[in-house]
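Chemist: Got a predicted model here, sequence first, then my questions.
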Amino acid sequence: MTPVFALEQANVRFGMGARTLHALCDIDLQIAPGERVAFIGANGCGKSTLLRVLHGLLRTSSGLLRRDESLCQAMVFQRPYLMRMSAQNNVALGLWLRGQKWSSAQWLAMDALQSVGMAEHALRAARKLSGGQQQRVALARAWATRPRVLLLDEPTSSLDPHAKREVEALIQHLAEHDPSMTLVFASHNLGQVKRLASRVVYLEQGRVLADLPVQEFFAAGALAQRYREAHSFVKGDLV
């Protein structure tokens, strides 16, 4: 099966000389169609950088990235940027930029908002919505493009507990609605990782130190024997 993403010895560096920051170090990673992959690790470990590389927002400094260019993909950020317009127009704008007629984009936008429970707020100013509602609009904007690959960067970390549960349930619903869709997300919430992921990639200082099926990653004793750093993180020993 052709992978959706394939990274070979990929590196990302920022800066020059003594001030160079090595954000990703010699990453070898393949993600197959339909997988649900969670990136975990402490702040600054490279999760967001890796997602941006996969989405084409950052170029690797060296190494190779192969991506299936035929697949539509979308990304939702931790704090989504919404335009100064209604929720419906925020969703419709992305569709219009992809070539849809504005009338058709409006109809599809409403359908996407309906799917995330935001149809009643379609005409409200997007920036006036609550954090959880804004995240729903961002998910609708991504979902409206019918992506074959959905990337999420800490999609619930800035939300209150109730909004976290709602948005996570929505992500679960979208993934189950289309089992062939590939889901790749970064999260600090290990419970969320257990519920949403089929595979866990643990990063530390820009390196992949563990890459396991979710059941094996969280199995008692498995990490302690083979992946001490990941085991410490799961226990909460690492800041």
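Modeler: Cool, got the structure.

Chemist: When you work out contacts or count neighbours from here on, use the C-alpha atoms and nothing else.
Modeler: Fine.

Chemist: buried sites along the longest helix that the chain contains?
Modeler: Ranked by residue count under DSSP state H, the longest helix found in the chain is helix 161-177. Buried residues in helix 161-177, counted by 16 or more other CA atoms under 10 Å: 163-164, 166-168, 170-171, 174-175.

Chemist: Pull the distance from that helix to the chain's centre.
Modeler: Taking CA atoms, centre = their mean, to the nearest Å, one finds the center of helix 161-177 at 13 Å from the center of the full chain.

Chemist: I'd like the next helix or strand past the least confident helix or strand in the chain by mean pLDDT.
Modeler: Least confident helix or strand of the chain, by mean pLDDT, DSSP states H and E, is helix 222-226 with a mean of 65. Going down the chain from helix 222-226, the next helix or strand is helix 228-235, by DSSP states H and E.

Chemist: Report the buried residues of that next one.
Modeler: So helix 228-235, judged by 16+ other CA under 10 Å, has buried residues 229-231, 233-234.

Chemist: on contacts alone, who are the packing partners of it?
Modeler: strand 207-213, helix 222-226 (3 or more CA pairs under 8 Å, 6 or more residues apart in numbering; DSSP states H and E).

Chemist: so where's the protein uncertain?
Modeler: Residues of the chain meeting the criterion pLDDT under 70: 220-225, 237-239.

Chemist: Would you mind measuring from the most centrally placed residue in the chain to residue 231?
Modeler: Centroid-nearest residue in the chain: residue 152, 1.7 Å away (criterion: CA atoms, centre = their mean). To residue 231, residue 152 is 24 Å away according to CA to CA, to the nearest Å.

Chemist: and if you look at residue 91?
Modeler: Applying CA to CA to residue 91 and residue 231 gives a distance of 41 Å.

Chemist: what's the answer for residue 98, then?
Modeler: From residue 98 over to residue 231 (counting by CA to CA), the distance is 44 Å.

Chemist: All set, thanks.
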